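# Build me a structure from this.
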Amino acid sequence: MSEATATQDVHVDRVLVSLRDVHRDYPLGAERVHALQGVTLDVERGDYVAIVGPSGCGKSTLLNLIGVIDQPTSGTVEIGGKRVDQMSDWEATSFRLRNIGFVFQRFYLMPILSALENVALPMAEAGFPKEEQRMRAAELLEYVGLSSRERHRPSQLSGGEQQRVAIARALANRPALLLADEPTGELDAHTGAEIISLFQRLNSDGATILVVTHDEELAGAARRKIHMRDGRIVDGAVHP
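Numbers count the residues shown, from 1 in each chain. Got it, this is the predicted structure:
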C-alpha cells in the first residue's frame, strides 16, 4: 500500500461499512418523504463501490448517512464496527475528521489558500504539527501529480487540477474511507477520465472508496456497482 494513501484502521474486521434496515424520512409539509426504505449494505475494506440510479433515488442521502453528516430515522450504521448513527454533533465531527475523506463535485477549495495550504487544512484541524502538515501535503500533491502547483491558488488551476487538490485534501488524515459525490460532474470527458484513473490508482494502493455518480465511465471503473431506485437498493448490495 502506498504511504500516501495508507489508512488508519478504526477496526480490524473485513467489513468497514455496515448498514442494517436503514430508513430516512423527511417532513414535506403535511407529508413525509421516504428517502431511504430499508437499506442493508456492507462495504469491505479495500472495496471500490459505485452507487448509481436516477435523481431522487436516495443516493446522496445514503452517502450522507455513511459520511456521518446525517442520521437515519431508524436502522443502524456502523463504520469499522463503531455505531455512528446516534453520535452527537461533536462526536460525528471528530469521527469524520479522522476517519472519512470527502470529495465533492464542486471542489470546495478555499480560494485564498494555496494548493499546499488547502491540502493541509484537515491536518491543521486535527492538530498535527505544522512541519508534518507541510510534508504530508507536499507528498500528497506529488501523488496526484501536482508537485509543481503547490503555491498556486484555486483560481490559477484548471478544473481537473482543483479536483486533484481536493482528492489530496481528502486523503490528508489517512481516512479509513473515501466518499465521493459526483467527482467528475464538473469536468470534461478527458479530464474526467484522468480523475477516474486516479481513483483506480487510489483503490489499487489500498483506499476504500464509495462514489455516487451518474458518470457511466466512473461507475464502470469501480469493482462493484450498486443500483438504487425509490430509496431502495435493487441490485449489488452483496458481493457476487
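
# Does the residue positioned nearest the centre of the chain fall in a helix, a strand, or a coil region?
Among the residues of the chain, Leu179 comes closest to the average C-alpha position under C-alpha atoms, centre = their mean, at 1.1 Å. What DSSP: H, G, I helix; E, B strand; the rest coil gives for Leu179 is strand.

# That one reaches Arg96, doesn't it?
No - using C-beta atoms under 8 Å, Leu179 makes no contact with Arg96, being 9.7 Å away. Heads up, the C-betas are built off the backbone N, CA and C, glycines and all.

# Low-confidence bits of this protein, can you list those?
Segments of the chain classed as low confidence (criterion: pLDDT under 70) are 1-12, 236-240.

# By residue count, what's the longest helix in it?
helix 189-204 (DSSP state H).

# Can you give me the buried ones in it?
191-196, 198-200, 202-203 (16 or more other C-beta atoms under 10 Å).

# repeat for stretch 34-46
Per 16+ other C-beta under 10 Å, stretch 34-46 contains these buried residues: 34-36, 39, 41-46.

# re earlier: possible to save the buried residues of helix 189-204 as JSON lines with distance to Phe104?
Listed next are the buried residues of helix 189-204 as JSON lines, based on distance: C-beta to C-beta, whole Å:
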{"residue": "Thr191", "distance to Phe104": "16"}
{"residue": "Gly192", "distance to Phe104": "15"}
{"residue": "Ala193", "distance to Phe104": "19"}
{"residue": "Glu194", "distance to Phe104": "17"}
{"residue": "Ile195", "distance to Phe104": "12"}
{"residue": "Ile196", "distance to Phe104": "16"}
{"residue": "Leu198", "distance to Phe104": "15"}
{"residue": "Phe199", "distance to Phe104": "14"}
{"residue": "Gln200", "distance to Phe104": "19"}
{"residue": "Leu202", "distance to Phe104": "16"}
{"residue": "Asn203", "distance to Phe104": "19"}
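
# Considering the residues you listed, which is situated nearest to Ile51?
Phe199 (13.9 Å; C-beta to C-beta).

# ok, so what distance separates Arg83 from Ser60?
22 Å (C-beta to C-beta, to the nearest Å).

# picking that back up, for Leu179 and Arg96, list the residues in contact with both.
67, 102 (C-beta atoms under 8 Å, 6 or more residues apart in numbering).
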